[in-house]
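A.B. asks: Okay, predicted coordinates and the sequence, questions at the end:
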Amino acid sequence: MDDTIEDHITQSLNNLLENDLKKFKTKLCEECEIKFPRRKVLKFDSTGLRDCMISCYGETRAAEKTIQILEAINQKDIAETLKENIQREIYKKINLNLNKMDDTIEDHITQSLNNLLENDLKKFKTKLCEECEIKFPRRKVLKFDSTVLTDCMISCYGETRAAEKTIQILEAINQKDIAETLKENIQREIYKKINLNLNKMDDTIEDHITQSLNNLLENDLKKFKTKLCEECEIKFPRRKVLKFDSTVLTDCMISCYGETRAAEKTIQILEAINQKDIAETLKENIQREAALPGTMRVTVSTSETSLETITGIETGTVSTPGTGIDTGTVFTPETDIETGTVSTPETGIETGTVSMPETGIETGTVSTPETGRH
């Protein structure tokens, strides 16, 4: 179980008869770019030949070249065995990476590209150039190795979008196992970020909305924008909304609805486009913000006193316009906790206290400026 790709190549070459090994060397010199003279290559034994190919191509590419030449000289059984061994080694590496919790999305993309054989990596680059908007010339992209290709995509799309593009192209070139592994890794990284955010107590509702939108893949974010334009009253043109990134989209919704309503709309649309996990996480974040001290805001003027919560709890307004006497009490419907009482006696003196009954914490006092009485 501790064989390496290098060991498997050597074993495959050892399994060739002398004449077949000679055919292999000849084919290698004819069809591949080898930095060793032909006369030297023809004298190599299996180990020397393996080292020669690895020094020219690296382990994975050397394995692919070996498979191609074995098939070309009609050693298909040995080629098939080598292919199976290489795939097993690659997936062992993938499984090892699954257990590494400090990898970034960038690392996972690079690892996925590294797991492609040379011909498949070429297909990937070609598909990327054909179907995606890349700000690098095609001739340059085709020369990129896995690391530079990852950097290229991230510079064009950002980490999450680059991961989505990678998954889409891997599926398109029939590398579904690698695509599925990458998808699992990305989802794990996203939920790691979500869990980290759950522990951050200084985030605002605006932050939580933006984070939820950032956790959407490109296609899902597009669905979100479309649903928002179709079902909600937005004061921005649809064509502009569809171009907004997560931060601007959050600002757009808050400017139209205010923080609490914007959060509610976000949750509704996330559920509608089948992003229930992200919706549930946002809901938990908003509820947690509601439970934090100091989330109630009281605004006071000489003509109007309003109680506003940023938590989605119903709000109430109590005013004394002119000489009229209005009284009011605001309750939270689910808990019946009294969150504010404002009264105006016949004397015209305004008095009021807003408190959290269970804790006894006074969060606001309304007084009459003329008398100074509370």
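C.D. replies: Received, thanks.
A.B. asks: burial measure for Tyr257, as a count.
C.D. replies: 17 (other CB atoms under 10 Å). From N, CA and C alone the C-beta is placed, and that goes for glycine too.
A.B. asks: In contact with it, which residues?
C.D. replies: Glu264, Lys265 (CB atoms under 8 Å, 6 or more residues apart in numbering).
A.B. asks: how far away is Lys122 from Gln111?
C.D. replies: In this view, Lys122 and Gln111 are 18 Å apart by CB to CB, to the nearest Å.
A.B. asks: Compare these two and say which one has the larger neighbour count.
C.D. replies: Neighbours per residue, other CB under 10 Å: of Lys122 and Gln111, the larger number sits with Gln111, 21 against 13.
A.B. asks: how about low-confidence regions in this structure?
C.D. replies: Within the chain, the ranges that satisfy pLDDT under 70 run 1-2, 91-103, 191-202, 290-374.
A.B. asks: Quick check: Asp3 is in a strand.
C.D. replies: No - with DSSP: H, G, I helix; E, B strand; the rest coil as the criterion, Asp3 is coil rather than part of a strand.
A.B. asks: I'd assumed Ile86 was in contact with it.
C.D. replies: No - taking CB atoms under 8 Å as the definition, Asp3 is not a contact partner of Ile86, at 10.6 Å.
A.B. asks: So for the two, which sits in the more crowded spot?
C.D. replies: Shown here are Asp3 and Ile86; by other CB under 10 Å, Ile86 has more neighbours (21 against 12).
A.B. asks: State the distance from the more buried one to Leu142.
C.D. replies: In terms of CB to CB, Ile86 sits 24 Å off from Leu142.
A.B. asks: Quick check: Ile34 is in a strand.
C.D. replies: No - Ile34 sits outside any strand when classified using three-state DSSP, being coil.
A.B. asks: so it makes contact with Tyr57?
C.D. replies: No - when contacts are counted by CB under 8 Å, Ile34 is not listed as touching Tyr57 (9.4 Å).
A.B. asks: Mutual contacts of these two, please.
C.D. replies: Counting by CB under 8 Å, 6+ apart, no residue touches both Ile34 and Tyr57.
A.B. asks: Quick check: next helix or strand after the one helix or strand Arg188 maps to?
C.D. replies: Element membership of Arg188 [criterion: DSSP states H and E] is helix 176-198. Scanning forward in sequence from helix 176-198 by DSSP H and E, the next helix or strand is helix 205-214.
A.B. asks: counting contacts, what elements does the helix or strand that that following helix is followed by pack onto?
C.D. replies: Sequence-wise, the next helix or strand downstream of helix 205-214 (DSSP H and E) is helix 218-231. Using 3 or more CB pairs under 8 Å, 6 or more residues apart in numbering; DSSP states H and E as the contact test, the elements touching helix 218-231 are helix 159-172, helix 238-241, helix 246-257, helix 259-272.
A.B. asks: Which one of these lies nearest to Phe136?
C.D. replies: helix 159-172 (13.4 Å; CB to CB).
A.B. asks: and the closest one, how far from the chain's centre?
C.D. replies: 11 Å (CA atoms, centre = their mean, to the nearest Å).
A.B. asks: change the start of the numbering to 44 and stick with it
C.D. replies: Got it, the first residue is 44 from now on, which makes the last one we talked about helix 202-215.
A.B. asks: by contact count, what packs against that helix?
C.D. replies: Counting by 3+ CB pairs under 8 Å, 6+ apart, helix 202-215 packs on helix 148-157, helix 161-174, helix 189-200, helix 219-241, helix 261-274.
A.B. asks: again, only this time at 7 Å
C.D. replies: helix 148-157, helix 161-174, helix 189-200, helix 219-241 (3 or more CB pairs under 7 Å, 6 or more residues apart in numbering; DSSP states H and E).
A.B. asks: Could you tell me the angle between it and helix 261-274?
C.D. replies: Angle between the axes of helix 202-215 and helix 261-274 is 110 degrees (criterion: axes from the mean of the first three to the mean of the last three CA atoms, to 10 degrees).
A.B. asks: could I get helix 202-215 in PDB with only the CA atoms?
C.D. replies: What follows is helix 202-215, C-alpha atoms only, in PDB (Å, rounded to 0.1, in the frame of the first residue of the first chain):
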ATOM      1  CA  GLU A 202     -12.000  32.200  -5.300                       C
ATOM      2  CA  THR A 203     -15.600  31.000  -5.100                       C
ATOM      3  CA  ARG A 204     -16.400  31.700  -8.700                       C
ATOM      4  CA  ALA A 205     -13.100  30.200  -9.900                       C
ATOM      5  CA  ALA A 206     -14.000  27.000  -8.000                       C
ATOM      6  CA  GLU A 207     -17.400  26.900  -9.600                       C
ATOM      7  CA  LYS A 208     -15.900  27.300 -13.100                       C
ATOM      8  CA  THR A 209     -13.400  24.600 -12.300                       C
ATOM      9  CA  ILE A 210     -16.200  22.200 -11.300                       C
ATOM     10  CA  GLN A 211     -18.200  23.000 -14.400                       C
ATOM     11  CA  ILE A 212     -15.300  22.400 -16.800                       C
ATOM     12  CA  LEU A 213     -14.200  19.200 -15.000                       C
ATOM     13  CA  GLU A 214     -17.700  17.800 -15.500                       C
ATOM     14  CA  ALA A 215     -17.700  18.900 -19.100                       C
END
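A.B. asks: Thanks again, I'm all set now.
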